[in-house]
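Undergrad: Task: produce atomic coordinates for the following.
(chains A, B, C and D, ligands or ions: 8)
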Number of protein chains: 4
Amino acid sequence: MRILFIGDIVGKPGREAIKKFLKPLQLEHQIDVTIANGENAAAGKGLTKEIAEELYTNGIQFLTMGNHVWDQREIMNFIDREPRLIRPANYPVGAPGQGHGYIRTMGKKIGILNLSGRVFLPPLDDPFSGAIRWINQIKQETPIVIVDFHAEATSEKVALGWFLDGKVSAVLGTHTHIQTADARLLHQGTAYITDVGMTGPRDSVLGVKKEIIINRFLTQLPAKFELASGPIQLNAVVLDIDEDTGRTRKINTIQMFDEG
Amino acid sequence: MRILFIGDIVGKPGREAIKKFLKPLQLEHQIDVTIANGENAAAGKGLTKEIAEELYTNGIQFLTMGNHVWDQREIMNFIDREPRLIRPANYPVGAPGQGHGYIRTMGKKIGILNLSGRVFLPPLDDPFSGAIRWINQIKQETPIVIVDFHAEATSEKVALGWFLDGKVSAVLGTHTHIQTADARLLHQGTAYITDVGMTGPRDSVLGVKKEIIINRFLTQLPAKFELASGPIQLNAVVLDIDEDTGRTRKINTIQMFDEG
Amino acid sequence: MRILFIGDIVGKPGREAIKKFLKPLQLEHQIDVTIANGENAAAGKGLTKEIAEELYTNGIQFLTMGNHVWDQREIMNFIDREPRLIRPANYPVGAPGQGHGYIRTMGKKIGILNLSGRVFLPPLDDPFSGAIRWINQIKQETPIVIVDFHAEATSEKVALGWFLDGKVSAVLGTHTHIQTADARLLHQGTAYITDVGMTGPRDSVLGVKKEIIINRFLTQLPAKFELASGPIQLNAVVLDIDEDTGRTRKINTIQMFDEG
Amino acid sequence: MRILFIGDIVGKPGREAIKKFLKPLQLEHQIDVTIANGENAAAGKGLTKEIAEELYTNGIQFLTMGNHVWDQREIMNFIDREPRLIRPANYPVGAPGQGHGYIRTMGKKIGILNLSGRVFLPPLDDPFSGAIRWINQIKQETPIVIVDFHAEATSEKVALGWFLDGKVSAVLGTHTHIQTADARLLHQGTAYITDVGMTGPRDSVLGVKKEIIINRFLTQLPAKFELASGPIQLNAVVLDIDEDTGRTRKINTIQMFDEG
Ligand SMILES: [Fe+2]
Ligand SMILES: [Fe+2]
Ligand SMILES: [Fe+2]
Ligand SMILES: [Fe+2]
Ligand SMILES: [Fe+2]
Ligand SMILES: [Fe+2]
Ligand SMILES: [Fe+2]
Ligand SMILES: [Fe+2]
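TA: Numbers count the residues shown, from 1 in each chain, chains lettered A, B, ... in the order given. Ligands and ions are numbered 1, 2, ... in the order given. Presented below is the predicted three-dimensional model:
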């Protein structure tokens, strides 16, 4: 089974990249299931119902989130009724939405678990011990488990990868918006990458107009947020998974872009 | 001119990787000058005189540092008399050592500038405005300027890359110990990568024994630091620079490893 | 000379406290000059021209700010033309407004310097070395120098107090919204307090409705900001200064509140 | 019943302050039970068995800790067998030691709960929801519950105070080493103070030689840690508690110091 996992989709440029690149990619790589991190899909901040629907329509079957999950307040109204959308599982008990979910396809179930790191990020519940608990739950349903670990510090991400090695199909980092060059299979067969990267405006600072962010660093003054225009890119990984064992055979990175 | 820049060398395994991989690499890529980040070369923490000498002997001509620069106190005794070693330039005025330096080779000078980020790192002086000041100084000596930006947050690193685009030959990120997959030439010709990566034990958490770091995340208890053993890797980039203009023609990433 | 320095005024309740308590306080303590931190005066976030005018009308002669200085964007339009208002001096050169200013009264000048800490706060320029520079400037005008050090960490605040001991009339901490019990004269005669406290709703979390903040800690979810109602308080210190030498004779703390 | 709670004891000067001030204080205020935060008792960092014994001998019946709990590794060897010593309860399950404990005296039991904040501190488990769980346990033993909330941010401390108002006898903040001037009974009768303060060298930065810390802020270089000498102080609060209901009648602050 071939799973495509797409890095943080940023705003309209990111959604344009989905429209432009996704279908050909799915064909070329014979993708069975497409998952994406959608925490920045609505103008760079959060997700609305309308934009989620647009992404489903354009070929994404399942969305994960991250620290921007609540940026659009309306998500609180629909996340509980939307089985194709999860947020970090380690929010305190009682948070709206679910931290893991399933895709059913080809007579198989794929379990997806979303976790948030805690280094340089808010103090949610422990993603390490939590991961074991949630993975055990998911494994009662299916051996195929994809973890989106939305985190900042490379130490935390790499550590979780090794910690879950042999326990899940893949640990895929998101949040830094820069794809890393360390995709590999770990010792016990779990596919790992520190960060899948970003889908949105290429000549930008993590999606935002570069002049704005440069100026903020220079002046330490607040500035109006604006996404960059120009060339767009899609960052992703393709997982080739044995659907009977959940074991990943291969992880490949993808970087698509146009020249604007 | 071909410059090899090697990502953070971690301890004895990192130095073994230098011994094993550097000479063949220099030959294969016709390297003229080799620079490395040495902030973790002494057992993962800082740099001693003896270890610096070992690295020079083994083919590295110049060392940059980062937040671990002072971990071995003895560096304070020799850094002022060592022209082949710099530390982040944005330490407050009066700090031991220099923030930029030069390699003289083939009748040319290469200027190297070391900067530290401030996001999730100590509040040194502003690396953005400082960069302009120091680059202007260096450019009075040579058009070839390599910047090692030792920083955590991708936003800060990408922003500095764009900020210095057209002003320097290359902005090379270090510190996260994970190579990123975004090496490119920016619009005005500056070579850029968010992180060059790490040279040291491959099956580790940033060089450290993985069980130690996993346990620290699980228990939040302090633990004795120990570098990992097993397979070693070297992470680097090769810059192909026009030595008359300082303009980079090409940036390529390098990942070498053995299987232990 | 008697100077009253009032801790962070929070929103309408804080301004009500000014209306209610300031005049009697000024009379009782024979206050010559009244200074207040106004970074939260506009609904808890920043300062508008109208609210600044209200505070001047109600007896405050000079306003200092802090990390919330730019929360109301309109301040950028008037801060440059308002000599009774300063923001942290250690913003990068070129920021709108001034970092120090003067009150002229009774044939005397009082210099006021506003600084921001950097521990757990944005990486502005170094307040320690900057302080010396700005104090030297001010001292060419007057021996009376009041420093508002807007900072989080007690270590940074206490250290700056000792660092400036004997160089200024007073180092007064702000920002934590909780008055500390350590007001004293340091060895060389500088008056010091780690935090002057907060002027606003008493039964609150730093001015905000307590249920909102408790809920945020419990759920880690964002929540609509709302100031608390109920009893109000005023926190301040009174400095008794020898106006010829600038030396403080005495520092007293003030806590006024009603029962709602 | 009169309970004396003493703020962070720092090193030998702090222990000298205990020897000098504690007995007279206990007599003067008719103290029945004495508790102290001991996280800095061993040379400013952590606690050894020998120093714990010294403190028990000198009149302290119970010790709480904080973020420095593990600084002296030997504590891991004795904390499990020492019923008079607790560490923050919100360490992950399985950490050495206990997070709450009891003093038995005069036919009564006093429950003590130690919690650590998470703002600007490591990501332990949630102290808010945890507090409720542990307090419920303690209340099956006794209505008298003292909480030492070892935390940095005033918002987190004040919020926990209000959150536990009516549920415990007292919420006493520690960690900042500066006593606050906000001791009071909250609406439902819980005694509260944001920080009890520090017991150790008075003319210091949180106990440390002031020149060292000033220099660290100026240079951003590491420096050898050394406690200050000179005058010593003791910071504490006295709680007057109805031992049948656990309700606090009164909270008073104490500041003792000599002039060296
Ligand atoms: Fe994102
Ligand atoms: Fe994110
Ligand atoms: Fe490093
Ligand atoms: Fe580093
Ligand atoms: Fe404030
Ligand atoms: Fe503030
Ligand atoms: Fe302490
Ligand atoms: Fe502490």
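Undergrad: residue ranges with poor pLDDT in the stretch 101-250 of chain A?
TA: Counting by pLDDT under 70, the stretch 101-250 of chain A contains no low-confidence residues.
Undergrad: Let me see the ranges of the helices in it.
TA: Here the stretch 101-250 of chain A has its helices, by DSSP state H, counting those that start in this stretch, at A:127-139, A:154-164, A:210-219.
Undergrad: Using PDB, list the CA coordinates for the last one.
TA: Extracted C-alpha coordinates of helix A:210-219, given in PDB (Å, rounded to 0.1, in the frame of the first residue of the first chain):
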ATOM      1  CA  LYS A 210      10.000  37.200   3.600                       C
ATOM      2  CA  GLU A 211      10.300  41.000   4.000                       C
ATOM      3  CA  ILE A 212       7.800  40.900   6.900                       C
ATOM      4  CA  ILE A 213       9.800  38.300   8.900                       C
ATOM      5  CA  ILE A 214      13.200  39.900   8.200                       C
ATOM      6  CA  ASN A 215      11.800  43.200   9.400                       C
ATOM      7  CA  ARG A 216      10.400  41.600  12.500                       C
ATOM      8  CA  PHE A 217      13.800  40.200  13.300                       C
ATOM      9  CA  LEU A 218      15.500  43.500  12.700                       C
ATOM     10  CA  THR A 219      13.100  45.700  14.500                       C
END
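Undergrad: Which strand residues bridge residue A:114?
TA: Residue A:114 forms beta bridges with residue A:148, as assigned by DSSP bridges.
Undergrad: Okay, it and ligand 4: tell me how far apart.
TA: Distance of residue A:114 to ligand 4, given as CB to the ion, to the nearest Å: 29 Å. For the C-beta atoms, the positions are set from N, CA and C on the backbone; glycine is no exception.
Undergrad: thought that residue was touching residue A:62?
TA: No: using CB atoms under 8 Å, residue A:114 is not in contact with residue A:62; the gap is 10.2 Å.
Undergrad: ok so, going back, quick check: which of the helices of the stretch 101-250 of chain A is nearest to chain D?
TA: helix A:127-139 (6.8 Å; CB to the nearest CB).
Undergrad: who touches the residue in the stretch 151-260 of chain A positioned nearest to ligand 2 in this structure?
TA: Relative to ligand 2, the nearest point of the stretch 151-260 of chain A is residue A:175 (3.9 Å; CB to the ion). Listed by CB atoms under 8 Å, 6 or more residues apart in numbering or on different chains, the contact partners of residue A:175 are A:8, A:66, A:67, A:117, A:150, A:151, A:152, A:195.
Undergrad: So which of those wins on neighbours?
TA: Most neighbours among these, by other CB atoms under 10 Å in any protein chain shown: residue A:195, with 32 neighbours.
Undergrad: any shared contact partners between residue A:114 and residue A:62?
TA: Residues touching both residue A:114 and residue A:62 (CB under 8 Å, 6+ apart) are residue A:86.
Undergrad: ok, these two, which is more surrounded?
TA: Comparing residue A:114 with residue A:62 by neighbour count (other CB under 10 Å), the higher total belongs to residue A:114, at 31 against 24.
Undergrad: Pull the contacting residues for the residue positioned nearest the centre of chain A.
TA: Of all residues in chain A, the one closest to the mean position by CA atoms, centre = their mean is residue A:37, 3.0 Å from it. Residue A:37 is in contact with A:6, A:7, A:8, A:9, A:63, A:64, A:65, A:66, A:148, A:150, A:174, A:196, counting by CB under 8 Å, 6+ apart.
Undergrad: how much space between it and residue A:89?
TA: 14 Å (CB to CB, to the nearest Å).
Undergrad: Identify all contacting residues around stretch A:226-235.
TA: Outside stretch A:226-235, the residues that reach it (CB under 8 Å, 6+ apart) are A:6-7, A:10-14, A:16-18, A:20-22, A:25, A:43-44, A:179, A:196-205, A:207-210, A:212, A:253-260.
Undergrad: near chain D, which residues of the stretch 51-200 of chain A?
TA: A:92, A:118, A:119, A:123, A:124, A:125, A:126, A:129 (CB under 8 Å from any CB of the partner chain).
Undergrad: and the third one, how many neighbours?
TA: Okay, so that is residue A:119. Using other CB under 10 Å: residue A:119 sits among 17 other residues.
Undergrad: and it, what is it in contact with?
TA: Residue A:119 neighbours (CB under 8 Å, 6+ apart): A:151, A:152, A:153, A:155, A:156, D:123.
Undergrad: ok, now the first one?
TA: Contact criterion CB under 8 Å, 6+ apart gives A:124, A:125, C:218, C:219, C:220, D:126, D:129 as the residues in contact with residue A:92.
Undergrad: what pLDDT does it get?
TA: Looking at residue A:92, its pLDDT is 98.
Undergrad: most distant residue from the middle of chain A?
TA: Largest separation from the mean C-alpha position in chain A: residue A:219, at 32.0 Å (CA atoms, centre = their mean).
Undergrad: Verify the contact between that one and residue C:96 for me.
TA: No: contact criterion CB under 8 Å: residue A:219 and residue C:96 do not qualify, at 9.5 Å.
Undergrad: returning to what we had before: please identify the most buried of the helices of the stretch 101-250 of chain A.
TA: When these are scored by mean count of other CB atoms under 10 Å in any protein chain shown, the highest mean neighbour count falls to helix A:154-164 (a mean of 25).
Undergrad: Could you tell me how many residues sit around residue A:147?
TA: The burial count for residue A:147: 29, using other CB under 10 Å.
Undergrad: for residue A:40, same thing?
TA: For residue A:40, using other CB under 10 Å, the count is 28.
Undergrad: Tell me the residue of the stretch 51-200 of chain A that sits nearest ligand 5?
TA: Going by CB to the ion, ligand 5 is nearest to residue A:122 of the stretch 51-200 of chain A, at 21.2 Å.
Undergrad: Leaving out the residues flanking it, which one is nearest to that residue?
TA: Leaving aside its chain neighbours, residue A:122 sits nearest to residue C:220 (5.6 Å; criterion: CB to CB, 6 or more residues apart in numbering or on different chains).
Undergrad: separation between that neighbour and ligand 4?
TA: Distance of residue C:220 to ligand 4, given as CB to the ion: 29 Å.
Undergrad: Enumerate every residue touching that residue.
TA: By CB under 8 Å, 6+ apart, the contact set of residue C:220 is A:91, A:92, A:95, A:122, A:123, A:124.
Undergrad: what residues are up against the third one?
TA: By CB under 8 Å, 6+ apart, the contact set of residue A:95 is A:87, C:219, C:220, C:221.
Undergrad: Residue numbers of chain A in contact with chain B?
TA: With CB under 8 Å from any CB as the criterion, chain A meets chain B at residues A:120, A:126, A:128-129, A:152-156, A:158-160, A:162-163, A:176-182, A:187, A:194-195, A:197, A:203, A:205-206, A:210, A:213-214, A:217-218, A:253, A:255.
Undergrad: again, 7 Å this time
TA: Neighbours of chain B within chain A, by CB under 7 Å from any CB of the partner chain: A:120, A:128-129, A:154-156, A:158-159, A:162-163, A:176-182, A:194, A:205-206, A:210, A:213-214, A:217-218, A:253, A:255.
Undergrad: Name the residue of the stretch 151-260 of chain A with the shortest distance to ligand 8.
TA: For the stretch 151-260 of chain A, CB to the ion, closest residue to ligand 8: residue A:153, 22.8 Å.
Undergrad: now swap in chain A and tell me
TA: Nearest residue of chain A to ligand 8, counting by CB to the ion: residue A:123, 16.7 Å away.
Undergrad: Dihedrals phi and psi, that residue?
TA: phi -80, psi 70 (degrees, to the nearest 10).
Undergrad: wait, isn't it in contact with residue D:123?
TA: Yes: taking CB atoms under 7 Å as the definition, residue A:123 is a contact partner of residue D:123 at 4.3 Å.
Undergrad: Widest-spaced pair of the contacts of residue C:220?
TA: Across the contacts of residue C:220, no pair lies farther apart than A:95 and A:123, at 13.8 Å, counting by CB to CB.
Undergrad: residues in chain A within reach of ligand 4, list them.
TA: Chain A comes close to ligand 4 at no residue, as judged by CB under 5 Å from the ion.
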